[in-house]
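Trainee: No letters, just coordinates:
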């Protein structure tokens, strides 16, 4: 039983230390190889990384595109000041220092205008971030389009339709048992292929030559397992509850409900069923 003294803090993918402990699978080579190959970064290119987090991929890309000395660079943006602070520190530690800024993806267009960066990027990249930008996905897409030069390329991977199927509904059911409509706090936007392709074509992109949903079973880091996932990502749900007793109740209900499908006792391994939306679009 979690007590007030040792109750975990629940986040929404915005705490650098918790993310590193429980969610490094988001940026590990195995899970990012395909989207980086689709991006196909080249020396000399200017790339905007939307939702860069702690900058693990931002630094990797920046080292590559700046290697020729032809002005290539990567600029990273993220809503979380904590993640951006960690990105700057890790950049200093590694000696790779792309520009990273605290920017809400919904306000990307106005930020680009203020910075004089409209139409200056060859490519826009985003990994595991856009599904958090639920308030106005069209505004996010317009901002990414405005960042690009004509013919520029957007490459992204995000949670798509059926992402974390089962886990999301378990949270909704558990909160309902406490009298809370989880739809009012659910932070996730997991679109279908058709709806997101239409969104792109209606907001500045001329074609979407590649779009696919990719099922990806994702082992959750030991020893935290599903509890670590909830600690890292489920804050909007759990923080809607009145106290730590209620939060602990929901966490235990969700773990008990999902253990039959998500937990392998022989391997002592929790696995989430992610379904990633991977897209390449070209600006009109």
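Mentor: All right, it came through fine. The structure displayed is predicted, hence computed values, not measured ones. Numbers count the residues shown, from 1 in each chain.

Trainee: next SSE after the helix or strand hosting residue 174?
Mentor: Following DSSP states H and E, one finds residue 174 within helix 167-176. Where DSSP H and E defines the elements, the next helix or strand beyond helix 167-176 is helix 193-201.

Trainee: still on that earlier bit, so for the helix holding residue 174, what's the average pLDDT?
Mentor: Mean per-residue pLDDT for helix 167-176: 98.

Trainee: So which bits of that helix are buried?
Mentor: Neighbour counts over helix 167-176 (16 or more other Cβ atoms under 10 Å) mark 167, 168, 170, 171, 174, 175 as buried. Backbone N, C-alpha and C define where each C-beta goes, glycine included.

Trainee: which residues sit in contact with the nearest residue to the second one once chain neighbours are set aside?
Mentor: Leaving aside its sequence neighbours, residue 168 sits nearest to residue 188 (Cβ to Cβ, 6 or more residues apart in numbering; 6.8 Å). Under the criterion of Cβ atoms under 8 Å, 6 or more residues apart in numbering, the contact partners of residue 188 comprise 131, 132, 134, 159, 163, 168.

Trainee: Out of these, which comes closest to residue 202?
Mentor: residue 134 (17.6 Å; Cβ to Cβ).

Trainee: so that closest one touches residue 187, yeah?
Mentor: Yes - here residue 134 reaches residue 187: they are 6.0 Å apart, a contact under Cβ atoms under 8 Å.

Trainee: Helices of the stretch 1-150 of the chain, residue ranges please.
Mentor: For the stretch 1-150 of the chain, helices defined by DSSP state H, counting those that start in this stretch occupy the ranges 16-22, 29-39, 56-65, 81-94, 108-115, 137-147.

Trainee: picking that back up, just the buried residues out of the contacts of residue 188, in PyMOL syntax.
Mentor: Buried residues among the contacts of residue 188 (16+ other Cβ under 10 Å), as a PyMOL selection:
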select buried, resi 131+132+159+163+168
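
Trainee: Kindly reformat the contacts of residue 188 as CSV containing distance to residue 116.
Mentor: Formatted as CSV, these follow (distance: Cβ to Cβ, whole Å):
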residue, distance to residue 116
131, 29
132, 27
134, 29
159, 33
163, 36
168, 40
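
Trainee: From the contacts of residue 188, pick the one nearest residue 153.
Mentor: Taking Cβ to Cβ as the measure, residue 153 lies nearest residue 131 of the contacts of residue 188, at 20.5 Å.

Trainee: Setting aside sequence neighbours, what's the nearest residue to the closest one?
Mentor: Using Cβ to Cβ, 6+ apart, the nearest residue to residue 131 is residue 159, at 3.8 Å.

Trainee: got the phi/psi numbers for the one you found?
Mentor: Dihedral angles of residue 159 (phi, psi; degrees, to the nearest 10) stand at phi -70, psi 130.

Trainee: Thought residue 275 was touching it, still the case?
Mentor: Yes - counting by Cβ under 8 Å, residue 275 is a contact partner of residue 159 at 7.1 Å.

Trainee: All good on my end, thank you.
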